[in-house]
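Pasting the sequence and the predicted coordinates here, then a few questions.
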Amino acid sequence: EKDIRDSRASIDQLELENRKVLAQEKIWRREAAELRSLLDTYDQQETSQSKMPSMATENVAGLQVSLKSARDEIKLLTDANKMLESKLEEMKSEQSTAKAEHERVLEKFQKLRSALMEERAKAESAEARACQAETLAGKGAYNAETTRVVHLETNPLMEAVREKFQAEIDALKLHLEAAQDRRASKSPSVGTTTPASRGSLGSAGTDVDVQKMHTRLKERFRMQIALFREGVYLLTGFKIDMIDADSDSPQFRVRSVYGEREGDHLMFRWPKKKQTLEIMGTEMAQLLMSERSPCSVYIRQFNSFPAFLASVTMQLFEQQTNI
């Protein structure tokens, strides 16, 4: 583009000089015509002024010299004009070549830009398809615009897993009881035992009973805890896991039943020196604690975590479930 501008400036300068040369040529032609007219006048007066032949001859000679010099200057100007015209043609040719090259570069740039935009569109489309495939793999295929998700009261997968492990627990209990019965049947009879042996036998039986009771209590307690957590999950819609219970600041991971993704969760920290909880900066927390989110009002203004969690439940419920 810079070369094209320089070429155009040179062409304009040459055209200006050409116009000046043409104007000077017209002036010299007009002067030559006036000199010819004057010479003709002197030729006409030559016959009438026969008394002064020498003066007329000198004037005619001077006029002829002036005419010759004017003709020579016109010839020089004509040659200069032709040279400028040839330069002008060369500059025009260079300008046309540069313009064609510029257009070719612009066309190539447009093609490269179009190819880049197409590749970028393909990449965005592939990324969108990958996200959609990931979502479908996690939740199943459905149209979010025309279909609403209805959540079940119980999770069939969890029920199946619970039944499987419960069956294994019952089988292990039966196996343990059978082993204890076999061990008891192999012990010496009461009629043939000595007092010392009877004392040791009673102590062993007591230890077995205590161990058995302890095992049953632990199993019962674990079942009660699992039942309690399941009840909290069904009533509140949140599955709560405690992390680092023995530390000075235990943490709680809270996952909603209406969460869009499996990884959506909130994290709360409970310093033992404080009487209130602290929300941690997870991705879901940053989204819900933004100024545009209505849920953040309950913590920013009222510092109420129950109201905040209730608002979160209602917001997620309205986004995914239609009763």
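In hand now; what should we look at?

use CA for all of it now, contacts and neighbours both
Fine.

Is it correct that Asp241 falls within a strand?
Yes. Counting by DSSP: H, G, I helix; E, B strand; the rest coil, Asp241 is found in a strand.

which residues sit in contact with it?
By CA atoms under 8 Å, 6 or more residues apart in numbering, the contact set of Asp241 is Phe252, Arg253, Val254.

hmm, try it at 10 Å
Arg229, Gln251, Phe252, Arg253, Val254, Arg255, Met267 (CA atoms under 10 Å, 6 or more residues apart in numbering).

beta partners for it?
Arg253 (DSSP bridges).

measure it to Phe252 for me?
6 Å (CA to CA, to the nearest Å).

any chance you could map the strands in this structure?
238-243, 251-256, 266-269, 278-279 (DSSP state E).

Please enumerate the helices of the chain.
Secondary structure of the chain (DSSP state H): helices located at 2-48, 53-139, 156-185, 195-236, 283-288, 297-300, 305-320.

List buried residues within the contacts of Asp241.
Buried members of the contacts of Asp241, scored by 16 or more other CA atoms under 10 Å, are Arg229, Gln251, Phe252, Val254, Arg255, Met267.

so who does the first one touch?
Arg229 sits next to Met223, Leu235, Phe238, Lys239, Ile240, Asp241 when contact means CA under 10 Å, 6+ apart.

what's the answer for Gln286, then?
Residues counted as contacts of Gln286 (CA under 10 Å, 6+ apart) are Leu266, Ile279, Met280, Ser293, Ser296.

Please apply the same query to Gln319.
Per CA under 10 Å, 6+ apart, neighbours of Gln319: Arg148, Val149, Tyr258, Gly259, Glu260.

go on, Arg222?
By CA under 10 Å, 6+ apart, Arg222 lies in contact with Arg216, Phe228.

before we move on, the earlier item: from the buried ones among the contacts of Asp241, pick the one nearest Ala98.
Nearest to Ala98 among these is Met267, at 66.4 Å by CA to CA.

roughly how far apart are the closest residue to the closest one other than its chain neighbours and Gly263?
Of all residues not flanking Met267 in the chain, Arg253 sits nearest, at 4.8 Å (CA to CA, 6 or more residues apart in numbering). Distance, Arg253 to Gly263, by CA to CA: 11 Å.

Grab the most central residue of this protein for me.
Nearest to the mean C-alpha position of the chain, counting by CA atoms, centre = their mean, stands Glu124 at 9.2 Å.

That one and Ala115: what is the separation?
14 Å.

sorry, back to before: so which of the contacts of Asp241 is the closest to Arg8?
Of the contacts of Asp241, the one sitting nearest to Arg8 (CA to CA) turns out to be Met267, at 70.3 Å.

which ones are touching that closest one?
240-243, 251-255, 278-285.

and if we set it to 7 Å?
Gln251, Phe252, Arg253, Val254, Ile279, Met280, Thr282 (CA atoms under 7 Å, 6 or more residues apart in numbering).

Give me the pLDDT value at it.
Per-residue pLDDT puts Met267 at 92.

repeat for Lys51
pLDDT at Lys51 comes out at 51.

swap in Asp3?
In this model, Asp3 carries a pLDDT of 71.

tally of neighbours for the nearest residue to it once chain neighbours are set aside?
For Asp3, ignoring the flanking residues on the chain, the nearest one in space by CA to CA, 6+ apart is Ala98 at 7.5 Å. When counting by other CA atoms under 10 Å, one arrives at 16 neighbours for Ala98.
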